[in-house]
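Asks: Here is the input, now give the coordinates:
(2 chains)
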Amino acid sequence: MTSALPALPAGSAHATRTLMFWCPDWPITAALREHALPAETPLALVDRGEVFACSPAARQDGVKRGLRIREAQARSTNLVPLPYDPSLDERTFEPVTTAVEAIMPGVQVVRPGLCAIRAKGPSRYYGSESEAARVVFRTLAAMGLTDVRIGIADGPFAAEQAAKATDQLDDDVEQLVVIPAGRSAWFLGSYPLEILEQPKLTVLLKRLGIRSLGDFAALRASDVRNRFGIEGALAHRQASGLDHRSVVARTPPPHLDTVADFEPPLARIDQLAFAFRSRAGEFVDTLREAGLVCTALHVSLHTESGEASERRWQHPRWFDADDVVDRVRWQLQGTNASDHGLTSGITRVQVIPEIVENLSDHADGLWGTGPDEGIHHGLARVQSMLGHGAVLTAIVAGGRLLADRRVFVPWGDAPAGQQQAAAVPLKDRNQPWPGRLPGPAPATVYAQPVPAVVVDSRGNPVDVDARGLLSADPAFFSTGPDGRRHAVHSWAGPWPINERWWDRKGRVLDRFQLVDQSGSAWLLLLEDHAWWVEAGYD
Amino acid sequence: MQAVTLDSRRLPTVPALARILPGGGLQSGGSYAVRNSTSLAMALLAGPSATGAWCSVIGLPDFSVEAAQGFGINLERLILVPDPGSQWLTVTAALVDVVSIVLTRAPEHLAPTEWARLKARLRQRGAALITLGSWKQSDSTLGVAESAWEGLGSGTGHLRSRRMKITATQPSGRLRHAYVGLADLQGTPTGGSAPSATYTPGAPGAPGAQGAQGAQDSGTHTLFEPQLVRSS
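Replies: Numbering: from 1, shown residues only, chains lettered A, B, ... in the order given. Predicted coordinates for the structure are as follows:
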């Protein structure tokens, strides 16, 4: 088939000689490095309930991409599932790109784990193409990346396929495939059409009896152009080893993050805040010089004993230097010591801007930006007094118990941002929630349920048996610490709530509404023979 | 340019309460105490909140945001500081600077000089302060004197509507009162309790009882019209 290939103009001027290096399973490598897991961990990255990527150990157990998480756990019992975070891939790949840029400029990151470099310059500098590839191998091995594949061919498409073709090589040789100039069409000839990633075109070509790229390339370019339009023509050029794409080198981004190392380690928060203040000022100034403001940042704190505390912080407007120092302080303070779990002095503080926006989008108007600006300043002041979690906004979520139905969000955090959605999924209040409370909502919902006592007319405690039947009609009840007895005027219940019976944390409750003689109404819960006041209609 | 008149310094108020409040509504710079009802305090917040004002609730961890939403308070513009700790005055003063209306638990002790300063700040910023619990220093004290619930029998039904006698006392001792239903305070007559029609509590005999109450309920709305304001 390949012998029937018509002679192409060798070394066509259109295709850019490209060196493509590929780190397979980069999301897995990134997650293993981020969470400091051993390489043989059976790890799966989960995206929307399905396996997105898995480590070689998990793959041996039969886990593969697209599997539901339950199924994957059934196949590999020791599987460690982690949520897939695309930004982590990019963040961890950045040092790799920077290291390669130091030895050969003009790197294009196709996606994290896959990079294209124009081969012409490096091959002349290092003597040959394979020598340039070896330099890349050595550089990446120095960073601890041993599984790197390199393909060199005409054009990024062919080079990517060459890098992937290294699978067929023996394990002990370098994972390098070099396709000599002008031979890319021959190399691609035996590949199936699917690698073009154009499903409609593939189906059509197969119906025409064309099954490989070689067959497709054998068609006349003008015929393909006439029949399949511009997309077909471009695919035909790819198949013929004349990639229309070129390597577009990235401009290395300015260095925006900031790191402060402390020697000796700092044990007190106020010391740290003071020591970091100037660095925070430089951080904000650097951003401003680049014409940017930071609206979300990532703070990581490292201690002497090797612990780390990582957190993403958002800002309702944008961070200035004091805000950055506040976030570092809050991350250390938390609400209690278990929040950050750090036991020794801080040696290193790193602040990485996660979302930067154009300064001009956030510039103050000539007459200010309206009343909301004042709100942010005022609330930021209260937050710096009481802590990040003390100033809240609220959302009404779904749930049966009233305390579940309110969700507090610290001021400045996204209400249902991706970060929080992964940790605590927000329940939808529009779902039916059978067993939720009918009628007007009570105005007071106790954050901590208040114990209560309910008795019948003879003074015996009222209870509900296993069949949901009431022992006697409630006649008197007392609530709270004062313990004053109120006579029941009218009542309703028991309304059973049986939440998550399959879960140990699930609850079985009965709910009652009571109105006393003075006309105030209460919502009581009976759980495990004990009465609690859930809410008051005051 | 037109001078600022007394009238323009009034915050929007729910009509049912505007009648009994001195000056015909919440005054900016004023302070109000609500004796025994969180619902009443929510109704006071609802007026300004519905027109886009920012509200703040300080030191009330048991404040129900769902009920607040039922009263028409915009949750996106509601700031909660459930636990100001020992810094109540600082936090309240800081929030008075930026929001239009502050609801807070009455402080146990506040020196007259501190209160005077807070009061001056309230006037300067045009905000209103509502305290839950009786507090002598406030301009006006509101409270629920009588309350009756409809919809609950002995073992049947569920709470549907409430009728209240609301009193407003001025420092001069002048007392005004009005009879209102919960729906009048919520602004929308039937908005809050719409889903109740689809709900069947697990109580025996509920469907029949509910049907009877439904009929009763439709009749009560005419009964619960706010009556004439009486002054004594």
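
Asks: Show me what from the stretch 251-400 of chain A comes close to chain B.
Replies: Counting by C-beta under 8 Å from any C-beta of the partner chain, the stretch 251-400 of chain A comes close to chain B at A:371, A:374-375, A:377-379, A:381-382, A:385-386, A:390-396. Any C-beta I mention is one placed from the backbone N, CA and C, and that applies to glycine too.

Asks: Just the buried residues of these.
Replies: By neighbour count, with 16 or more other C-beta atoms under 10 Å in any protein chain shown, those hold A:375, A:378-379, A:381-382, A:385-386, A:390-396 as buried.

Asks: could those residues go into CSV alongside pLDDT and secondary structure?
Replies: Below are these laid out as CSV (pLDDT from 0 to 100; DSSP: H, G, I helix; E, B strand; the rest coil):
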residue, pLDDT, secondary structure
A:375, 84, helix
A:378, 85, helix
A:379, 87, helix
A:381, 84, helix
A:382, 88, helix
A:385, 83, helix
A:386, 85, helix
A:390, 88, helix
A:391, 90, coil
A:392, 90, strand
A:393, 89, strand
A:394, 90, strand
A:395, 88, strand
A:396, 88, strand
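
Asks: now, which of those sits nearest chain B?
Replies: Closest approach to chain B among these (C-beta to the nearest C-beta): residue A:378, at 3.2 Å.

Asks: Isn't that closest one up against residue B:92?
Replies: No. Using C-beta atoms under 8 Å, residue A:378 is not in contact with residue B:92; the gap is 11.6 Å.

Asks: shaky segments in the chain?
Replies: Picking chain A for this. Scanning chain A for pLDDT under 70 picks out A:1-14, A:171-172, A:334-342, A:363-371, A:414-425, A:481.

Asks: Please refer instead to chain B.
Replies: For chain B, the stretches flagged by pLDDT under 70 are B:1-8, B:187-232.

Asks: swap the cut-off to 50 and go again
Replies: Chain B contains residues with pLDDT under 50 at B:1-5, B:7, B:188-232.

Asks: domain ranges for it?
Replies: Domain ranges of chain B: B:12-140, B:146-191+B:206-231, per automatic domain parsing.

Asks: How much space separates residue B:169 from chain A?
Replies: 19 Å (C-beta to the nearest C-beta, to the nearest Å).

Asks: Can you read off the backbone torsions of that residue?
Replies: Torsion angles at residue B:169 (phi, psi; degrees, to the nearest 10) stand at phi -110, psi 130.

Asks: hang on, it packs against residue B:145?
Replies: No. Using C-beta under 8 Å, residue B:169 is not in contact with residue B:145; the gap is 10.4 Å.

Asks: out of the two, which sits in the busier spot?
Replies: residue B:169 (19 against 13; other C-beta atoms under 10 Å in any protein chain shown).

Asks: residues in contact with the more buried one?
Replies: Going by C-beta atoms under 8 Å, 6 or more residues apart in numbering or on different chains, residue B:169 touches B:140, B:141, B:142, B:143, B:175.

Asks: 7 Å instead?
Replies: Counting by C-beta atoms under 7 Å, 6 or more residues apart in numbering or on different chains, residue B:169 makes contact with B:140, B:141, B:175.

Asks: Just the buried residues out of those residues, in PyMOL syntax.
Replies: Remark: buried members of the contacts of residue B:169, expressed as a PyMOL selection using 16+ other C-beta under 10 Å:
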select buried, chain B and resi 140+141
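
Asks: So which of the contacts of residue B:169 is the closest to chain A?
Replies: For chain A, the closest of the contacts of residue B:169 turns out to be residue B:141, at 15.9 Å, with distances computed as C-beta to the nearest C-beta.

Asks: Pretty sure that closest one sits in a helix.
Replies: No. Under DSSP: H, G, I helix; E, B strand; the rest coil, residue B:141 falls outside any helix and is assigned strand.

Asks: my guess is it meets residue B:31, correct?
Replies: No. Here residue B:141 lies out of contact with residue B:31, judged by C-beta atoms under 7 Å, at a distance of 10.1 Å.

Asks: Residue A:358 and chain B, how far apart?
Replies: 25 Å.

Asks: Show me where the stretch 201-350 of chain A has its strands.
Replies: Secondary structure of the stretch 201-350 of chain A (DSSP state E, counting those that start in this stretch): strands at A:258-266, A:292-303, A:308-314, A:346-358.

Asks: ranking the ones you listed by burial, who's on top?
Replies: Highest mean neighbour count among those (mean count of other C-beta atoms under 10 Å in any protein chain shown): strand A:292-303, with a mean of 21.

Asks: now the nearest residue to residue B:24 once chain neighbours are set aside: how far from residue B:146?
Replies: Using C-beta to C-beta, 6 or more residues apart in numbering or on different chains and skipping the chain neighbours, the partner closest in space to residue B:24 is residue B:18 (5.6 Å). Residue B:18 is 21 Å from residue B:146, where distance means C-beta to C-beta, to the nearest Å.

Asks: cool, and residue B:96?
Replies: Residue B:96 is 33 Å from residue B:146, where distance means C-beta to C-beta.

Asks: part of a strand, is residue B:118?
Replies: No. Counting by three-state DSSP, residue B:118 is not part of a strand but helix.

Asks: Report the contact partners of it.
Replies: With contacts defined as C-beta under 7 Å, 6+ apart, residue B:118 is in contact with B:92, B:93.

Asks: need the contact list for the residue of chain B found nearest chain A.
Replies: Of all residues in chain B, residue B:98 sits closest to chain A, at 3.2 Å by C-beta to the nearest C-beta. Residue B:98 is in contact with A:374, A:375, A:378, B:54, counting by C-beta under 7 Å, 6+ apart.

Asks: So the second one sits against residue B:54, correct?
Replies: Yes. Judged on C-beta under 7 Å, residue A:375 makes contact with residue B:54 at a distance of 5.9 Å.

Asks: how far away is the residue nearest the centre of chain A from residue A:286?
Replies: Note on chain A: the residue nearest the mean C-alpha position is residue A:85, at 3.2 Å, using C-alpha atoms, centre = their mean. Here residue A:85 is placed at a distance of 26 Å from residue A:286 (C-beta to C-beta).

Asks: is it true that residue B:60 lies in a helix?
Replies: No. Assigned with three-state DSSP, residue B:60 falls outside any helix and is coil.

Asks: So what's the residue count around residue A:448?
Replies: Using other C-beta under 10 Å, residue A:448 is surrounded by 9 other residues.

Asks: Extract the C-alpha set from the one helix or strand it maps to and format it as CSV.
Replies: Assigned by DSSP states H and E, residue A:448 belongs to strand A:444-455. Only the C-alpha atoms of strand A:444-455 are listed here, as CSV (Å, rounded to 0.1, in the frame of the first residue of the first chain):
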residue,chain,number,x,y,z
THR,A,444,-35.9,31.0,64.5
VAL,A,445,-34.0,27.8,63.6
TYR,A,446,-31.8,26.8,66.5
ALA,A,447,-28.2,26.2,65.4
GLN,A,448,-27.9,23.9,68.4
PRO,A,449,-31.2,22.0,69.1
VAL,A,450,-32.6,22.9,72.5
PRO,A,451,-33.6,20.0,74.7
ALA,A,452,-37.3,19.8,75.6
VAL,A,453,-39.7,17.8,77.7
VAL,A,454,-43.2,16.8,76.5
VAL,A,455,-45.6,15.0,78.8
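
Asks: And it, what does it pack against?
Replies: Packing partners of strand A:444-455 (3 or more C-beta pairs under 7 Å, 6 or more residues apart in numbering or on different chains; DSSP states H and E): strand A:476-479, strand A:521-527, strand A:530-537.
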